[in-house]
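J.: What follows is a protein structure lacking sequence information:
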């Protein structure tokens, strides 16, 4: 039995198989409309989420399966003090596969160690968000035609942004990737990621101003400064408007640069940028469903 | 000068930082062993000025000494058999340590999950860096 806790749980070959399956699903969704008949996905969301949870639910429904679950900790037994370990043991009796989001880092690791069914980490605090990474990789692969030879700029909250951490871990396995980390001092990328890049001799640079590096980028990954990651409201207010991508700034970018964003967006990308053909974030959301369909099929061994 | 007798079989942990022997006593869970233990505090040392020494009389396979390297790699571990030193053990940092230190990241699942062991893995052998198995946060000594 396999789980998906970190994007590194799959080899690049296995990821390619998932991407190929996602492409097949996109081309011929009817072929896959009943592959999960009789299967149940449990969505255990201990913190609010719209698109990730709905994306999982859409994926399972499109495969013919059914969905049970909860969408905040208050409506689950966690509010009565139940541990993640106990919850997953019980959920294992009710469902065939589980997607879990939890505000605490490492929660999905704990769940996978006790679970009798495959566990998908749908986000654990500021740590990892591997299905978003699969979505990001599929988007890049489909729109750029490759997953190597890029300069990628990651901008915004690089400290707590789990999508960023997961994406970096996944991208370092492809050749000739150069990272430009664009963040305010307070939201710098964690040291363990910089250590990992140094060990692997992967080039990176940390900068504060987006405009300084925008012309160099093949990909720009924007992130939201997340209120829920701050213990102090003042810090959040001070940092939330630090980066805003506008049509003016987009003039500095390459003609074929892609703008990605895990969504939801607040104001870090001006809505006028949405009409720019380089804006790929809504296509990303569509690819997110296909890749989750492919992942569910893979973990349920229905491929 | 205080004299503590020889042991027949067991360990002599020498060159412990002065005042740290009781910490080692706890970490090695010597309170759970039914054996003779001598704790010598603030012994005179040419090398360290002052040092602690622990003498533990037990079967030599009874103690898990992996943890010593994590706690203090300068400790000398003398293995005793028939009253003689038969081996001076080299301390190697353990790949994994369980329930010795606690993750201090308030966002880590270990901060709320009951009964969850605190497990750290060695992520950088050269620098002796340990990271939490769950959140991957680097372990840092608590402020004194």
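T.: Great, that's in hand. Model, not experiment: these values are computed from the prediction. Numbers count the residues shown, from 1 in each chain, chains lettered A, B, ... in the order given.

J.: Find the closest residue to chain A in chain B.
T.: The minimum distance from chain B to chain A, using CB to the nearest CB, falls at residue B:134 (2.4 Å). Placement of C-beta: from N, CA and C, glycine included.

J.: these two touch, right, that residue and residue A:110?
T.: Yes - Residue B:134 lies in contact with residue A:110 (CB atoms under 8 Å); the separation is 6.7 Å.

J.: Mutual contacts of those two, please.
T.: Common contact partners of residue B:134 and residue A:110 (CB atoms under 8 Å, 6 or more residues apart in numbering or on different chains): B:109, B:116.

J.: Give me the more crowded residue out of those two.
T.: More crowded of residue B:134 and residue A:110, by other CB atoms under 10 Å in any protein chain shown: residue B:134, with 28 against 25.

J.: residue contacts, the more buried one?
T.: A:105, A:106, A:107, A:109, A:110, B:103, B:108, B:109, B:110, B:116, B:119.

J.: what's the closest non-adjacent residue to it?
T.: Closest residue in space to residue B:134, ignoring its immediate chain neighbours: residue A:106 at 2.4 Å, by CB to CB, 6 or more residues apart in numbering or on different chains.

J.: got a list of what the one you found touches?
T.: Counting by CB under 8 Å, 6+ apart, residue A:106 touches A:124, A:125, A:127, B:108, B:109, B:110, B:132, B:133, B:134, B:135.

J.: same thing but 10 Å
T.: Going by CB atoms under 10 Å, 6 or more residues apart in numbering or on different chains, residue A:106 touches A:5, A:84, A:121, A:124-125, A:127-128, B:103, B:105, B:107-111, B:113, B:116, B:132-137.

J.: quick one, phi psi at it?
T.: Dihedral pair for residue A:106: phi 90, psi 0, per degrees, to the nearest 10.

J.: Domain parsing of chain A, as residue ranges.
T.: Listed domain ranges for chain A are A:7-128+A:288-299, A:131-284 (source: automatic domain parsing).

J.: elements contacting the helix or strand harbouring residue A:248?
T.: Using DSSP states H and E, residue A:248 falls within helix A:247-250. Here helix A:247-250 touches helix A:210-213, going by 3 or more CB pairs under 10 Å, 6 or more residues apart in numbering or on different chains; DSSP states H and E.

J.: same question for the helix it packs on, mean pLDDT?
T.: If you average the pLDDT over helix A:210-213, you get 94.

J.: go on, stretch A:187-196?
T.: 89.

J.: One more: stretch A:73-93?
T.: The model assigns stretch A:73-93 a mean pLDDT of 84.

J.: Show residues contacting it.
T.: A:40, A:42, A:44-48, A:68-70, A:72, A:97-98, A:100, A:102-104, A:106-117, A:119, B:109, B:112-116.

J.: Now, of those residues, which are buried?
T.: Applying a neighbour-count criterion of 16 or more other CB atoms under 10 Å in any protein chain shown, the buried members of the contacts of stretch A:73-93 are A:40, A:42, A:44-46, A:69-70, A:97-98, A:100, A:102-104, A:106-113, A:115, A:117, A:119, B:109, B:112-113, B:116.

J.: List, one by one, the residues from chain B near chain A.
T.: Within chain B, the residues that sit near chain A (CB under 10 Å from any CB of the partner chain) are B:103, B:105-116, B:119, B:123-124, B:127, B:129, B:131-138.

J.: Next step: those residues restricted to strands.
T.: The strands, defined by DSSP state E, take in B:119, B:123, B:124, B:129, B:131, B:132 from the residues of chain B next to chain A.

J.: what's the offset of the helix or strand bottoming out on mean pLDDT in chain B from the middle of its chain?
T.: None of the helices or strands of chain B scores lower by mean pLDDT, DSSP states H and E than helix B:66-71, at a mean of 83. Relative to its chain's centre, helix B:66-71 lies at 5 Å (CA atoms, centre = their mean, to the nearest Å).

J.: just so I have it, where are all the helices in chain B?
T.: Using DSSP state H, the helices of chain B run over residues B:21-27, B:66-71.

J.: Likewise for the stretch 201-303 of chain A?
T.: Counting by DSSP state H, counting those that start in this stretch, one finds helices in the stretch 201-303 of chain A at the ranges A:210-213, A:233-239, A:247-250, A:281-299.

J.: What helices and strands are in contact with the first one?
T.: For helix A:210-213, the contact count by 3+ CB pairs under 10 Å, 6+ apart identifies strand A:150-155, strand A:177-182, strand A:204-207, strand A:219-222, helix A:247-250 as packing neighbours.

J.: Flag every buried residue along that helix.
T.: A:210, A:213.

J.: got it, and the longest one?
T.: Across helix A:281-299, burial judged by 16+ other CB under 10 Å covers A:281, A:284-285, A:287-299.

J.: give me the residue from chain A nearest chain B.
T.: Taking CB to the nearest CB, chain A has residue A:106 as its residue nearest chain B, at 2.4 Å.

J.: Okay, domains of chain B per the record?
T.: B:10-89, B:96-132.

J.: low-confidence ranges in chain B?
T.: Within chain B, the ranges that satisfy pLDDT under 70 run B:1-2, B:142-144.

J.: Spatially central residue in it, please.
T.: Residue closest to the mean C-alpha point of chain B, counted by CA atoms, centre = their mean, is residue B:68 at 3.0 Å.

J.: The residue positioned nearest the centre of chain A: helix or strand, and which one exactly?
T.: In chain A, the C-alpha nearest the mean C-alpha coordinate belongs to residue A:132, at 1.9 Å (CA atoms, centre = their mean). Counting by DSSP H and E, the element that carries residue A:132 is helix A:130-144.

J.: quick check, distance from the lowest-mean-pLDDT helix or strand in chain A to the centre of its chain.
T.: Sorting the helices and strands of chain A by mean pLDDT, DSSP H and E puts helix A:233-239 at the bottom, at a mean of 73. Relative to its chain's centre, helix A:233-239 lies at 24 Å (CA atoms, centre = their mean).

J.: near chain B, which residues of the stretch 151-300 of chain A?
T.: A:160, A:165, A:190, A:191, A:192, A:193, A:195, A:196, A:199, A:229, A:231.

J.: okay, the angle between the helix or strand where residue A:24 lies and helix A:130-144?
T.: Assigned by DSSP H and E, residue A:24 falls within helix A:12-27. If you take axes from the mean of the first three to the mean of the last three CA atoms, to 10 degrees, helix A:12-27 sits at 70 degrees to helix A:130-144.
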